[in-house]
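**Student:** Have a look at this prediction, sequence included:
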Amino acid sequence: MLTDCADISVSSQPGAVVFADSLGASLAAILRHLDHDHLALVTDNNVAPLADKLLSGSSSALSAPRVVIPAGEENKDIKTLEEVWQGFEAASLTRRSIVINLGGGVVTDLGGFAAACYKRGIRFINLPTTLLAAADASVGGKTGIDFCGLKNEIGVFALPQATIVSTSPFATLPDREFYSGYAEIVKMGYVADFSRVGAMLDIDRIKNDPAALKEVLSFAIEAKQAIVDADPKEQGLRRVLNFGHTAGHAFESLLLSRGKGITHGCAVAHGILVALILGHVICGMPSAPISPYVSFLRENYPRLPIGCKDYPELITLMHNDKKNRGKGVSFVLLNEGMHPLESIAVSDGQLTDALDLYRDC
Ligand SMILES: NC(=O)c1ccc[n+]([C@@H]2O[C@H](COP(=O)([O-])OP(=O)(O)OC[C@H]3O[C@@H](n4cnc5c(N)ncnc54)[C@H](O)[C@@H]3O)[C@@H](O)[C@H]2O)c1
Ligand SMILES: [Zn+2]
């Protein structure tokens with residue numbers, strides 16, 4: 001449930017998301033309601049220098065032992081996990097202790113997983129500092145690490161005691177990370193309430209207006225929470241959250257393998273266009289919504305260096321997607337009423353045509 005930091009009794013329910021002006025003050029209020037002995041702060045080396053300012057107002061968090069991991073997806077691995085557990089040992093954490101994860105999705109995923117396994121599970125609180133972690137990664141209880149080159153291969157579902165969201169950490173966020181997170185917010189518009197998408201595509205207005213940003217962020221969080229509550233273990237409905245991700249993951253993996261890595265959200269932003277095209281061709285989605293999205297994509301995200309010679313590799317990557325079910329590649333597509341349909345099988349021929357159209361837009 002999404003709440004303001006004033007209602008701390010509600011926010012101390014596991015899984016609650018709290019909006020706060022000050023992360024530190026809100027954290028202090030929540031900690032007052034949680035019986036605990038020690039704290040440990042997990043963060044990364046980019047966020048660590050910002051921690052004192054972000055945590056101001058919570059003297060216990062400010063003085064908690066810090067476990068600083070190296071930033072970047074390549075460190076969301078078992079080696080870093082072991083270092084975090086060593087940090088927990090050094091901090092003498094017990095089953096009554098609480099882990100504070102301050103950072104982007106790498107920190108909330110890895111720190112959450114570390115806490116969820118430590119001594120068979122201790123409590124953790126997420127303080128997301130990227131737009132992506134606020135809108136997506138720290139909501140819904142998925143935690144984990146990458147393993148054997150596979151993303152999120154090892155993990156558990158574990159709800160944070162609370163997630164405290166503030167727009168204040170975004171002041172230092174590099175633009176590419178802002179646009180990365182924003183793509184996930186736009187995705188939520190398409191899968192949960194298409195009537196909002198037009199306004200969301202006006203990214204320049206929203207980026208420069210904290211109230212408007214808070215409004216779309218609240219919408220994305222509430223919409224994700226409603227979907228996750230209805231289907232916590234991804235048996236059906238939750239799959240709609242993969243809108244834009246089937247082609248997006250393929251773009252992300254292909255470019256990463258060529259040393260031209262892009263942010264996850266940038267890949268998703270491009271994947272959304274492929275999904276819109278396929279929705280029109282296969283599921284009767286009207287064509288009118290495609291053109292405003294093309295303008296949004298082209299104005300705010302770099303073109304990807306992808307040509308027709310890359311199609312076989314992209315299509316193979318899509319076939320290997322762990323979300324596939326049955327024949328063909330499974331996509332989330334929109335129907336004639338702009339509502340998401342999950343697990344729509346798409347043939348290689350349809351994919352090739354859609355990639356051609358995507359590149360022509
Ligand atoms: N659990 C879920 O449901 C879920 C959902 C979506 C994504 N994820 C995971 O989230 C991760 C991606 O998250 P991300 O995009 O936040 O990446 P990230 O954690 O790598 O953060 C991106 C970069 O921004 C830096 N940074 C973070 N906050 C900053 C700030 N306030 N100012 C300046 N720099 C800052 C980080 O150090 C990093 O270099 C992936 O591992 C993905 O699998 C999980
Ligand atoms: Zn995503």
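**Tutor:** In hand now; what should we look at? Quick caveat, the model's predicted, so the values are computed rather than measured. Ligands and ions are numbered 1, 2, ... in the order given.
**Student:** just checking, residue 160 touches residue 112?
**Tutor:** Yes: between residue 160 and residue 112 there is a contact under C-beta atoms under 8 Å: 6.4 Å. For every residue, glycine as well, the C-beta is placed using N, CA and C.
**Student:** Pull up the overlap in contacts between these two.
**Tutor:** By C-beta atoms under 8 Å, 6 or more residues apart in numbering, residue 160 and residue 112 have these common neighbours: 101, 124, 126, 138.
**Student:** Where strands are concerned, which of the residues you listed count?
**Tutor:** 101, 124, 126 (DSSP state E).
**Student:** export those to CSV and tack on distance to residue 241 and pLDDT?
**Tutor:** Below are those laid out as CSV (distance: C-beta to C-beta, whole Å; pLDDT from 0 to 100):
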residue, distance to residue 241, pLDDT
101, 21, 98
124, 22, 98
126, 18, 97
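**Student:** Put together JSON lines for the residues you listed, with neighbour count and distance to residue 346 on each row.
**Tutor:** What follows is these, written out as JSON lines (neighbours: other C-beta atoms under 10 Å; distance: C-beta to C-beta, whole Å):
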{"residue": "101", "neighbour count": "30", "distance to residue 346": "37"}
{"residue": "124", "neighbour count": "27", "distance to residue 346": "38"}
{"residue": "126", "neighbour count": "31", "distance to residue 346": "35"}
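**Student:** For the protein, which element, helix or strand, carries the lowest mean pLDDT?
**Tutor:** Every helix and strand of the chain was ranked by mean pLDDT, DSSP states H and E. The lowest is helix 8-11, at a mean of 47.
**Student:** Look up how far residue 320 lies from residue 313.
**Tutor:** Residue 313 is 11 Å from residue 320, where distance means C-beta to C-beta, to the nearest Å.
**Student:** again but with residue 61, I slipped
**Tutor:** The value you get for residue 61 to residue 320, if C-beta to C-beta is used, is 41 Å.
**Student:** These two - which one has more neighbours?
**Tutor:** residue 61 (25 against 13; other C-beta atoms under 10 Å).
**Student:** Please list the residues of the stretch 51-200 of the chain that sit near ligand 1.
**Tutor:** Remark: the part of the stretch 51-200 of the chain in contact with ligand 1 comprises 71-73, 76, 103-107, 109, 129-130, 132-133, 136-137, 140, 142, 151-152, 169, 172-173, 177, 180, using C-beta under 6 Å from any ligand atom.
**Student:** The residues you listed in helices, which ones?
**Tutor:** 105-107, 109, 132, 177, 180 (DSSP state H).
**Student:** Excluding covalently adjacent residues, which one is nearest to residue 262?
**Tutor:** Closest residue to residue 262 apart from its sequence neighbours, by C-beta to C-beta, 6 or more residues apart in numbering: residue 255 at 5.5 Å.
**Student:** Work out for me the element the one you found sits within.
**Tutor:** Residue 255 belongs to helix 245-257 when assigned by DSSP states H and E.
**Student:** is that helix up against ligand 1 anywhere?
**Tutor:** No: residues of helix 245-257 contacting ligand 1 under C-beta under 6 Å from any ligand atom: none, with a closest distance of 9.6 Å.
**Student:** got the contact list for that helix?
**Tutor:** For helix 245-257, the external contacting residues (C-beta under 8 Å, 6+ apart) are 261-262, 264, 267-272, 274-275, 304-306, 310, 313-315, 317-318, 321, 323, 329-332, 355, 358.
**Student:** could I get it in PDB with only the CA atoms?
**Tutor:** Taking C-alpha atoms only, helix 245-257 is exported to PDB below (Å, rounded to 0.1, in the frame of the first residue of the first chain):
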ATOM      1  CA  HIS A 245      10.900  -6.600 -22.200                       C
ATOM      2  CA  THR A 246      11.000  -9.500 -24.700                       C
ATOM      3  CA  ALA A 247      12.600  -7.400 -27.500                       C
ATOM      4  CA  GLY A 248      14.100  -5.100 -24.900                       C
ATOM      5  CA  HIS A 249      16.100  -7.900 -23.200                       C
ATOM      6  CA  ALA A 250      17.300  -9.100 -26.600                       C
ATOM      7  CA  PHE A 251      18.600  -5.600 -27.500                       C
ATOM      8  CA  GLU A 252      20.200  -5.300 -24.100                       C
ATOM      9  CA  SER A 253      21.900  -8.700 -24.300                       C
ATOM     10  CA  LEU A 254      23.100  -8.300 -27.900                       C
ATOM     11  CA  LEU A 255      24.600  -4.900 -27.300                       C
ATOM     12  CA  LEU A 256      26.200  -6.000 -24.000                       C
ATOM     13  CA  SER A 257      27.900  -8.900 -25.800                       C
END
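**Student:** So for that helix, what gets flagged as buried?
**Tutor:** By 16 or more other C-beta atoms under 10 Å, the buried positions in helix 245-257 come out as 245-255.
**Student:** which stretches of the stretch 151-300 of the chain form strands?
**Tutor:** 162-165 (DSSP state E, counting those that start in this stretch).
**Student:** ranges for the helices of it?
**Tutor:** Under the criterion DSSP state H, counting those that start in this stretch, helices of the stretch 151-300 of the chain are mapped to 175-192, 197-200, 203-207, 210-230, 245-257, 264-283, 290-300.
**Student:** Any stretches of the protein with poor pLDDT?
**Tutor:** Under the criterion pLDDT under 70, the flagged ranges of the chain are 1-12.
**Student:** What is the subsequent helix or strand relative to the least confident helix or strand of the chain?
**Tutor:** In N-to-C order, the element after helix 8-11 by DSSP H and E is strand 16-19.
**Student:** Point out the other helices and strands that that next one packs with.
**Tutor:** In this structure, strand 16-19 makes packing contacts with strand 2-4, helix 8-11, strand 162-165, helix 210-230, judged by 3 or more C-beta pairs under 8 Å, 6 or more residues apart in numbering; DSSP states H and E.
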